[in-house]
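Colleague: Dropping a prediction and its sequence here:
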Amino acid sequence: MDQKTTTKWTFTSYQKFVIALLAFLQFTVVLDFMVLSPLSAILLDELNITTSQFGLVVSAYAFSAGAAGLLTAGFADRFDRKRLLIFFYTGFLVGTFFCGIAPDYRTLLIARVVTGIFGGVMSSVSYAIITDLFALEKRGRVMGFVQMAFAASQVLGIPFGLYLANHFGWHSPFLLIVALASVVLILVIAYLKPINEHLQLQSKNNAFVHLFHTLSNRRYLKGFSVTIFLATGGFMLMPFGSAFSVNNLGITLEELPFVYMVTGLFTIGFGPLAGKVSDSFGKYRVFTAGSILAIIIITIYCSMGLTPMWLVILMNVLLFAGITARMISSQALITAVPDPKDRGAFMGINSSVMQISGGIASAIAGMIVSQSDSGKILHYDTLGYVVSGTVILTIILMYFINKMIFGPQVEEPRLKRAA
């Protein structure tokens, strides 16, 4: 293998550190959102709230995150990305702390808004850093490792969070996240180098003109349109996933952490594998394959009744395999849409679009499903059909994104290692 090809496929020691740091950071941010899903079975009873109210708790984070992303997008390319990361991550830490001491539903709702204002911007800043530091042919693998945070939040965070919630109350998982996030913040401040080369590409236009130009760019609008529907699936299914597992599938609260843990262990392995395959064989191909798998599992899973735990685990493993392939390949493709001078603004708006779309989806999900007197979640199968429809739509929309990036051949050129 020649030196040029080796450079194309390998990472420097500092790049490896950045990947690990961003993955750990994403772990805390994702866990903050993910932990609400398994707590749904507990919060519905302890706070004496309805499914619609719980859906609002989830969507409150998404709506505030979306608004914050949109408001800050015009300024995102005018500051050192490290400084932006520190500012918003500190705010996220403070908001999560208030979730950990919230005494009632109303206070928790307000705390989720505060957390969303800061936490919702984290992914856009992280993706802008990834796009600045890593070439497109490497981004699938980078996204694969960073997206491991999603799985790790299940393997380590959610089971332990459920354990803490069952033994020390539902506030304790949020306080655990605060402790972990404090460590990450120290590492960011101490070791992350400034990321400011994009500042040399900025025009003299003010932030709002920059925001308007980014929003009105037809190329970018195509990327935002895909993101709208990409956000739908997770925000619709996951908020009521644990309640469905407990009340419909017959999984106990004691068994639920094990289900999440096994699923997460498999998903951790899927992440880097999906990233490597998407870099080697084409990101759109991997996206399409993952989407088809997700559709099949969703339509079956959402219609199931009492089910043995081993089958519930198998279905979850297959579902998350499809979701992981979709998310890693799609995020890697979307990072190729913006020009270098617009990356921060594009990622900020894209994150905002995702959060707002997810918030709407979560609120709609809360209206579609309901809970019977016996505790069962009703109309979850309808929710599955709606999600499957949006997945089909994303396959079509992503086709045009892939064509826009790679030209009329409509497929990503395969990356080959030299013999």
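Modeller: Noted; the coordinates are in hand. The shown structure was predicted, so the numbers you read here are calculated from the model rather than taken from an experiment.
Colleague: And the helices in the stretch 301-419 of the chain, which stretches?
Modeller: 309-334, 343-368, 380-406 (DSSP state H, counting those that start in this stretch).
Colleague: Against which helices or strands is the second one packed?
Modeller: Where contact means 3 or more CB pairs under 8 Å, 6 or more residues apart in numbering; DSSP states H and E, helix 343-368 is packed against helix 51-73, helix 122-133, helix 207-216, helix 218-230, helix 232-237, helix 380-406. Backbone N, C-alpha and C define where each C-beta goes, glycine included.
Colleague: Could you do the first one as well?
Modeller: In this structure, helix 309-334 makes packing contacts with helix 136-146, helix 148-152, helix 218-230, helix 256-281, helix 283-301, helix 380-406, judged by 3+ CB pairs under 8 Å, 6+ apart.
Colleague: Low-confidence regions, the stretch 1-150 of the chain specifically.
Modeller: 1-9, 37-38, 73-74, 76-77, 150 (pLDDT under 70).
Colleague: swap that for the stretch 201-350 of the chain, please
Modeller: Using pLDDT under 70, the stretch 201-350 of the chain drops low at 201-208, 210, 233-234.
Colleague: Any idea how many residues pack against the residue lying closest to Pro239 once chain neighbours are set aside?
Modeller: Excluding the flanking residues, the one nearest Pro239 by CB to CB, 6 or more residues apart in numbering is Val58, at 4.6 Å. When counting by other CB atoms under 10 Å, one arrives at 25 neighbours for Val58.
Colleague: In this structure Val58 contacts Ile360, no?
Modeller: No - counting by CB atoms under 8 Å, Val58 stays clear of Ile360, with 11.3 Å between them.
Colleague: Send over stretch 71-84 as PDB, restricted to the C-alpha atoms.
Modeller: Listed next in PDB are the C-alpha coordinates belonging to stretch 71-84 (Å, rounded to 0.1, in the frame of the first residue of the first chain):
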ATOM      1  CA  LEU A  71     -31.000  31.300  16.100                       C
ATOM      2  CA  THR A  72     -27.300  30.400  16.400                       C
ATOM      3  CA  ALA A  73     -26.800  29.100  12.900                       C
ATOM      4  CA  GLY A  74     -25.900  32.500  11.500                       C
ATOM      5  CA  PHE A  75     -23.100  32.900  14.100                       C
ATOM      6  CA  ALA A  76     -21.800  29.300  13.900                       C
ATOM      7  CA  ASP A  77     -19.100  30.000  11.300                       C
ATOM      8  CA  ARG A  78     -17.900  33.200  13.000                       C
ATOM      9  CA  PHE A  79     -16.300  31.600  16.100                       C
ATOM     10  CA  ASP A  80     -13.700  29.000  16.900                       C
ATOM     11  CA  ARG A  81     -15.700  25.700  17.000                       C
ATOM     12  CA  LYS A  82     -13.900  24.800  20.300                       C
ATOM     13  CA  ARG A  83     -15.300  27.900  22.000                       C
ATOM     14  CA  LEU A  84     -18.800  27.100  20.700                       C
END
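Colleague: one step back: distance to Val142 for the helices and strands packed on helix 343-368 - can I get that in CSV?
Modeller: Listed next are the helices and strands packed on helix 343-368 as CSV, based on distance: least, CB to CB, whole Å:
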stretch, distance to Val142
helix 51-73, 21
helix 122-133, 6
helix 207-216, 23
helix 218-230, 18
helix 232-237, 21
helix 380-406, 17
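Colleague: Select, out of the ones you listed, the one closest to Pro194.
Modeller: Checking those against Pro194 by CB to CB gives helix 122-133 as the closest, at 11.1 Å.
Colleague: Output the contacting helices and strands for that closest one.
Modeller: Using 3+ CB pairs under 8 Å, 6+ apart: helix 122-133 touches helix 13-34, helix 81-99, helix 136-146, helix 343-368.
Colleague: Make CSV from those and add distance to Asp381 and mean neighbour count to it.
Modeller: Formatted as CSV, the helices and strands packed on helix 122-133 follow (distance: least, CB to CB, whole Å; neighbours: other CB atoms under 10 Å):
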stretch, distance to Asp381, mean neighbour count
helix 13-34, 23, 20
helix 81-99, 32, 21
helix 136-146, 32, 24
helix 343-368, 10, 25
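Colleague: Adding distance to Tyr260, write those out as JSON lines.
Modeller: Listed next are the helices and strands packed on helix 122-133 as JSON lines, based on distance: least, CB to CB, whole Å:
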{"stretch": "helix 13-34", "distance to Tyr260": "9"}
{"stretch": "helix 81-99", "distance to Tyr260": "20"}
{"stretch": "helix 136-146", "distance to Tyr260": "20"}
{"stretch": "helix 343-368", "distance to Tyr260": "19"}
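Colleague: between those helices, which one is nearest to Leu256?
Modeller: helix 13-34 (13.1 Å).
Colleague: Distance of the residue nearest to Pro239 relative to Gly358?
Modeller: Val58 is 9 Å from Gly358, where distance means CB to CB, to the nearest Å.
Colleague: Quickly list what's touching both of these two.
Modeller: Here Val58 and Gly358 have Phe235 as joint contacts, going by CB atoms under 8 Å, 6 or more residues apart in numbering.
Colleague: Would you mind measuring from the residue nearest to Ile117 when sequence neighbours are not counted to Phe88?
Modeller: In this structure, Ile117 finds its nearest non-sequential neighbour in Ala68, 4.4 Å apart by CB to CB, 6+ apart. According to CB to CB, Ala68 and Phe88 sit 8 Å apart.
Colleague: Quick check: neighbours shared by those two?
Modeller: 118, 121.
Colleague: Tell me, how many residues neighbour the residue nearest to Ile117?
Modeller: Around Ala68 there are 24 residues (other CB under 10 Å).
Colleague: Of all the helices and strands packed on helix 343-368, which one is nearest Thr288?
Modeller: So among the helices and strands packed on helix 343-368, helix 380-406 is nearest, using CB to CB, at 5.6 Å.
Colleague: Figure out how far the closest one is from the centre of its chain.
Modeller: Helix 380-406 sits 17 Å away from the centroid of its parent chain (CA atoms, centre = their mean, to the nearest Å).
Colleague: Determine the set of other helices and strands touching it.
Modeller: helix 218-230, helix 232-237, helix 283-301, helix 309-334, helix 343-368.
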